[in-house]
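Asker: 3D model of this:
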Amino acid sequence: MAPAKVYGPAMSTNVMRILVCLEEVGAEYEVVPVDMSTGEHKRPPHISRNPFGQVPAFEDGDLTLFESRAISKYILRKHGSDLLRESNLSESAMVDVWLEVESSHFDGAMSPIIFQCFIVPMFMGGATDMGVVNESLEKLKKALEVYEAQLSKSKYLAGDFISLADISHFPTVYYLLASAHASVLEAYPRVKAWIDDVMQRPSVKKVTEALKMPSA
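Answerer: Below you'll find the model as predicted:
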């Protein structure tokens, strides 16, 4: 069978989320670049793969998917990974809970920081809006307080086992660590140790080694 195709720039956090899952299961894949600077993601044929004109899109044989967390679950299910803990109802429910937290609270706070600290100055030639960054950092701190408390009860977010809920944080954490605001983690030692653990995972290291991220 032909390798799966992941459409989008490899530096996209949502693309990175898929790549780390593909690395986790040892699947063959091809990253197909999409030039977002020219609006390629808003035009055919890409919108036939992702009708919202966003990245990523994913093709595996005749199946086409979009939305990175749904794609991640598909990859892990197809290859029988235990990162979803689907053999245990309560554990899989906790994985789902913390995936929702990641999407709403962690990614929700980090996305404006990434946009302002990396996209605006490096790709748009603009100046970082520190008002937006500081507001988002306050939201991130509130989330990190909850994470710190959770990680006082278990080694990982959903329990004493690593799951998709943990590694799904890697893309935005990658940018946080490369930014001028990584020091925010110093106030949360359990979160910092958890991040260090996740970032040392072989699948994560494989994806990050292929990227060249300038500091911001």
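Asker: and the residue nearest to M94 when sequence neighbours are not counted, which of the three is it?
Answerer: Excluding the flanking residues, the one nearest M94 by C-beta to C-beta, 6 or more residues apart in numbering is A158, at 3.9 Å. Quick note: C-beta positions are derived from backbone N, CA and C, even for glycine. When classified by DSSP: H, G, I helix; E, B strand; the rest coil, A158 comes out as coil.
Asker: spit out the contact partners of A158.
Answerer: The contact partners of A158, by C-beta atoms under 8 Å, 6 or more residues apart in numbering, come to 85, 91, 94-95, 97-98, 165-166.
Asker: change it to 7 Å
Answerer: Neighbouring residues of A158 by C-beta atoms under 7 Å, 6 or more residues apart in numbering: 91, 94-95, 98, 165.
Asker: quick check, nearest of these to S154?
Answerer: Nearest to S154 among these, counting by C-beta to C-beta, is M94 at 9.2 Å.
Asker: right, and the helix or strand after the helix or strand of the chain with the lowest mean pLDDT?
Answerer: When the helices and strands of the chain are compared on mean pLDDT, DSSP states H and E, helix 120-123 comes out lowest with a mean of 82. Next along the chain after helix 120-123, taking DSSP states H and E as the criterion, comes helix 130-150.
Asker: give me the contact list for that following helix.
Answerer: 105-106, 109-110, 112-113, 116-117, 157, 181, 184, 188, 190-191.
Asker: in a markdown table: those, plus distance to M36 and neighbour count.
Answerer: Output for the contacts of helix 130-150, formatted as a markdown table (distance: C-beta to C-beta, whole Å; neighbours: other C-beta atoms under 10 Å):
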| residue | distance to M36 | neighbour count |
| --- | --- | --- |
| H105 | 26 | 18 |
| F106 | 23 | 22 |
| A109 | 22 | 21 |
| M110 | 19 | 25 |
| P112 | 18 | 17 |
| I113 | 19 | 25 |
| Q116 | 17 | 21 |
| C117 | 18 | 24 |
| L157 | 31 | 25 |
| H181 | 24 | 19 |
| V184 | 28 | 16 |
| Y188 | 33 | 18 |
| R190 | 36 | 16 |
| V191 | 31 | 21 |
